[in-house]
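[1] Need the 3D shape of this:
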Amino acid sequence: MSAFTKRMVNHGIRDEVSELHSEIQKELEDRVNIAIDDHKAIVAASTFEPTDGEADEIEEPNEVDEALSPGDLEQRPGESREKFAFRKRAALKIAGRNRAPTGLMPGHTVAQH
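    Now for the predicted structure:
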């Protein structure tokens, strides 16, 4: 193999490695950003405390129970505890209940337990 051919092969390999490195770096940045967004949502859901106006808007228990679908308060297979707590909290808030997810006291975050 000539010196020219060897240089071209090495140059091509460097380009491929550089492209792969860029793709991996972008994927990692995306994953980190998603994890940060998920963490912020979990903390916001776990530290929710109703204001006086929101506490007045709570519906009667029978009406609230009808607003929830049967699967809203059950953990799905493969779902993390944090995502389940966030989804459950959101379902309860939409249905009109203003209480912390099971296992968390108002004002506490997942990291504190």
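[2] Please count neighbours and contacts with C-alpha atoms only from this point.
    OK.
[3] can you map out the strands along the protein?
    In the chain, no strands are defined using DSSP state E.
[4] tell me the mean pLDDT for the longest helix seen in it?
    Criterion DSSP state H: the longest helix present in the chain is helix 3-46. Helix 3-46 shows a mean pLDDT of 85.
[5] Check stretch 81-99 too.
    Here stretch 81-99 scores 71 as its mean pLDDT.
[6] Show the secondary-structure elements that the longest helix of the chain is packed against.
    Helix 3-46 sits against helix 81-95, with contacts defined as 3 or more CA pairs under 8 Å, 6 or more residues apart in numbering; DSSP states H and E.
[7] buried ones in the helix it packs on?
    Buried residues in helix 81-95, defined by neighbour count with 16 or more other CA atoms under 10 Å: 82-93, 95.
[8] Compute the inter-axis angle for that helix and helix 3-46.
    Orientation check (axes from the mean of the first three to the mean of the last three CA atoms, to 10 degrees): helix 81-95 against helix 3-46 gives 50 degrees.
[9] Show me what helix 81-95 is packed up against.
    Packing partners of helix 81-95 (3+ CA pairs under 8 Å, 6+ apart): helix 3-46, helix 61-67.
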